[in-house]
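> Okay, here's the prediction I keep looking at, along with the sequence it came from:
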Amino acid sequence: MKSSMARKAFQALGIFLAGVAFLTPVIWVISLSLRNKKTVFTALFFTRDLHFENYITALTSFHMGRLFLNSAIITGVSVAVILAVSSLAAYAFCRLRYRGSEIFFYLILMGMMIPPAAVVIPLFLIMKNLGLYNTHLALVLAYIAFGLPIAVLIFRGFFLSVPPELIEAARIDGSAETRTFVSIILPLSTPAIATVVIFSFMQNWNEFLLGLVLLKDRLLYTLPVGMANLVGQWDSPWQLIAAAVVIASLPIFIIYLMIQDLYVRGLTAGALKG
Amino acid sequence: MRNTTARTGFLFTLPAILFFVAFILIPVVFTFALSFVHWKGFTLTDMKPAGFSNFVSMLSDGVFFKALTNTLIFVAATTVILNVLGFLGASLIETRILGTGFFKNAVFLPVLLAPIIIGIMWSRMLDAFGIVNQLLKAAHLIRMPFLFLGDEKIALYTVIGATIWQYTGYDMLLYYAGLQGVPHEQVEAARIDGAGPLTVTLRIIIPFLSPVVAITMLLNMIGGFKVFDIVYVMTAGGPNNSSHVFATYLFQQAFRFNNMGYASVIAIVIILFSIIAAVFRLRIVRHEV
């Protein structure tokens, strides 16, 4: 009995240490962010004096507030539009079919297989000619287009599971399609809405290539583009960059801790449905 | 009645159709058109017809074939290793031993971060002053710092390593979700018949998981074919073009060298690979879900 307890404790300790070992890069970056500009190249891990002021310096000298705001606006607007446009379309693809709607559905699904890299050149050209190059609107439009296919698929799968009698009942009551959709279907759809929000949020918040190509002005950069822009110089202030790395990662980590299960379901369900 | 339903239906789908046409369909068509011109990307009047010359130059472009083999190596290595590690990790957390809850979150954490962030972290960690070289030196394994990203033979594999570190948690959770459906009665019955854990895994669990394996591998492959961010930030395709993948080479040709026409040919190759992946994806999803 005693020995099995000891074995369990050892097992637990081993698993815990494996987890910590896996996170070594993260812990190391945190140690980097708390060093001074000399020890940043010499120390192994945490130094005796911890320079928390690096975080203030990083926030101000890298315009991180601005980067956060840009990313929040772009991601927020595109996720909201994706939600509205994809739920409407998916509802029609399930319940308001018309001649040709199948073809449009499969066309939009095709969008899922086109990676942004494959069309980044024409997008650059189109945005330039629309006068949208170097604006947030250019990114928002592109993010919506690339976010729609999977969102439509997730919503469609969900709407197919809503009993048709419910919709018929509303129709008999004389409720217009738009009202049926807004007052009956949408309130039922919170699981699908959560999945779509989390999936498209992750996709757009971390997106890099389109931001890199469609934005020129440093003050318009999104968080990933701004972060990539920090490195590259040989004498980069690494204690500050490391602090910026931690600051940039913190919000997503906090959101994850708050809605862990929902988050995991959103990411995995979103992927599997596709 | 029917007509109004159809009209409402069409109006409901119209915004989605417009977004798709304007920012995906037209750009795809444009890509094909651009592959037949020489164009620096500044003003539209600069375009010069090129016939098939962009396609012909590709055939003799060593860097393109390097990017092609690198992309295939990247896809194969990340897919295989991620699936093995993901399955092992999922089997561990499925035991629900004390500590596995923390382990699960620890391994999943990097999935949440932007690939750019992962790239920045790992580049610094592996550079001449990073912890890896410090430890290797302390252990007297090396005298001069080892340049993980500066060696033409190694750079790609370093990026592959960082990518695997980032996404192991993702595959692990997909497998973990799959393991929840394994029929316990069968496993118990086999155990009573004297089957060891290895036999149970090989004979019952893995066959049962085969749809999960198919989907997970496919997701890893699709992700691998379009990889850009982490390669761009860690090596930008270097040193000496040795670590280019499709997307970084396209970016370099289009936005560093201003060869929009030639870059469009690379884009077409990416589209072809994506279509093949999509066909497989549709087949698998149709069959299993």
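Right, received. Where do you want to start? The model shown is predicted, which means the values in this text are computed figures rather than measured ones.
> Low-confidence stretches in the stretch 151-274 of chain A?
Applying pLDDT under 70 to the stretch 151-274 of chain A picks out residues A:174, A:232-235, A:269-274.
> quick one: B:Lys66 and B:Gly237 touch, right?
No: here B:Lys66 does not reach B:Gly237: they are 9.3 Å apart, not a contact under CB atoms under 8 Å. Just so you know, the C-beta spots here come from the backbone N, C-alpha and C atoms, and that holds for glycine as well.
> Quickly list what's touching both of those two.
Residues touching both B:Lys66 and B:Gly237 by CB atoms under 8 Å, 6 or more residues apart in numbering or on different chains: B:His244.
> which one of the two has more residues nearby?
Legend: neighbour count by other CB atoms under 10 Å in any protein chain shown for B:Lys66 and B:Gly237, higher for B:Gly237 (25 against 19).
> The more buried one and chain A: what is the separation?
B:Gly237 is 13 Å from chain A, where distance means CB to the nearest CB, to the nearest Å.
> Quick check: phi and psi on that residue?
phi 90, psi -10 (degrees, to the nearest 10).
> pLDDT at it, what is it?
As predicted, B:Gly237 sits at a pLDDT of 91.
> Let me see the contact set for it.
Contacts were defined as CB under 8 Å, 6+ apart; by that measure B:Gly237 touches B:67, B:231, B:243-245, B:248-249, B:252.
> can you rerun that using 7 Å?
By CB atoms under 7 Å, 6 or more residues apart in numbering or on different chains, the residues touching B:Gly237 are B:231, B:243-244, B:248-249, B:252.
> For the stretch 101-250 of chain A, which segments are assigned as helices?
For the stretch 101-250 of chain A, helices defined by DSSP state H, counting those that start in this stretch occupy the ranges A:101-110, A:116-129, A:136-160, A:164-172, A:177-180, A:186-188, A:190-205, A:209-214, A:223-230, A:238-258.
> nearest to B:Phe42, of those?
helix A:116-129 (9.4 Å; CB to CB).
> CA atoms of that closest one as CSV?
Only the C-alpha atoms of helix A:116-129 are listed here, as CSV (Å, rounded to 0.1, in the frame of the first residue of the first chain):
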residue,chain,number,x,y,z
PRO,A,116,-3.8,33.4,-48.5
ALA,A,117,-0.3,32.9,-49.9
ALA,A,118,-1.7,31.7,-53.2
VAL,A,119,-3.6,35.0,-53.8
VAL,A,120,-1.6,37.5,-51.9
ILE,A,121,-0.2,39.1,-55.1
PRO,A,122,-3.7,39.8,-56.7
LEU,A,123,-5.0,40.9,-53.3
PHE,A,124,-2.2,43.4,-53.1
LEU,A,125,-3.0,44.6,-56.6
ILE,A,126,-6.8,44.9,-55.9
MET,A,127,-6.3,46.7,-52.7
LYS,A,128,-3.9,49.2,-54.3
ASN,A,129,-6.4,49.9,-57.1
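> okay, now the domains of chain A?
Here the domain parsing of chain A from automatic domain parsing is A:2-56, A:63-273.
> quick revisit: rebuild the helices of the stretch 101-250 of chain A as TSV, extending it with distance to B:Leu72 and mean neighbour count.
As requested, the helices of the stretch 101-250 of chain A are exported to TSV (distance: least, CB to CB, whole Å; neighbours: other CB atoms under 10 Å in any protein chain shown):
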stretch	distance to B:Leu72	mean neighbour count
helix A:101-110	24	17
helix A:116-129	16	22
helix A:136-160	25	24
helix A:164-172	47	13
helix A:177-180	49	17
helix A:186-188	45	14
helix A:190-205	25	21
helix A:209-214	21	23
helix A:223-230	26	23
helix A:238-258	31	19
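> picking that back up, please narrow the contacts of B:Gly237 to those residing in helices.
Counting by DSSP state H, the contacts of B:Gly237 place B:231, B:248-249 in helices.
> For the residues you listed, pick the one with the most neighbours.
Compared across the ones in helices among the contacts of B:Gly237, B:Val231 has the highest neighbour count, 29 neighbours, by other CB under 10 Å.
> Excluding chain neighbours, give the residue nearest to that one in space.
B:Thr248 (5.0 Å; CB to CB, 6 or more residues apart in numbering or on different chains).
> quick one: contacts for the one you found?
Counting by CB under 7 Å, 6+ apart, B:Thr248 touches B:228, B:231-232, B:236-237.
> now A:Ala142
Each residue near A:Ala142 by CB under 7 Å, 6+ apart is listed here: A:123, A:210, A:214, B:23.
> Quickly find the element holding the nearest residue to A:Leu186 once chain neighbours are set aside.
Excluding the flanking residues, the one nearest A:Leu186 by CB to CB, 6+ apart is A:Ser87, at 6.9 Å. Per DSSP states H and E: A:Ser87 is located in helix A:64-95.
> quick one: that helix to helix A:190-205, angle?
When axes from the mean of the first three to the mean of the last three CA atoms, to 10 degrees is applied, the directions of helix A:64-95 and helix A:190-205 differ by 140 degrees.
> Give me the helices and strands touching helix A:64-95, please.
Helix A:64-95 is packed against helix A:101-110, helix A:136-160, helix A:190-205, helix A:223-230, helix B:2-20, with contacts defined by 3 or more CB pairs under 7 Å, 6 or more residues apart in numbering or on different chains; DSSP states H and E.
> how about those in JSON lines, adding distance to B:Glu185?
Output for those, formatted as JSON lines (distance: least, CB to CB, whole Å):
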{"stretch": "helix A:101-110", "distance to B:Glu185": "38"}
{"stretch": "helix A:136-160", "distance to B:Glu185": "30"}
{"stretch": "helix A:190-205", "distance to B:Glu185": "30"}
{"stretch": "helix A:223-230", "distance to B:Glu185": "48"}
{"stretch": "helix B:2-20", "distance to B:Glu185": "45"}
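> do you know how far the residue in the stretch 151-274 of chain A that chain B sits nearest to is from A:Ile30?
Nearest to chain B, among the residues of the stretch 151-274 of chain A, is A:Asn206, at 3.9 Å (CB to the nearest CB). For A:Asn206, the distance to A:Ile30 (CB to CB, to the nearest Å) stands at 20 Å.
> Compare these two (neighbour count), which wins?
A:Asn206 (20 against 16).
> Quick one: name the residues of the stretch 101-250 of chain A near chain B.
A:101, A:104, A:107-108, A:111, A:113-115, A:117-119, A:121-123, A:125-126, A:141-142, A:144-145, A:148, A:152, A:177, A:206, A:208-209, A:213, A:224, A:227-228, A:231, A:238, A:241, A:245, A:248-249 (CB under 7 Å from any CB of the partner chain).
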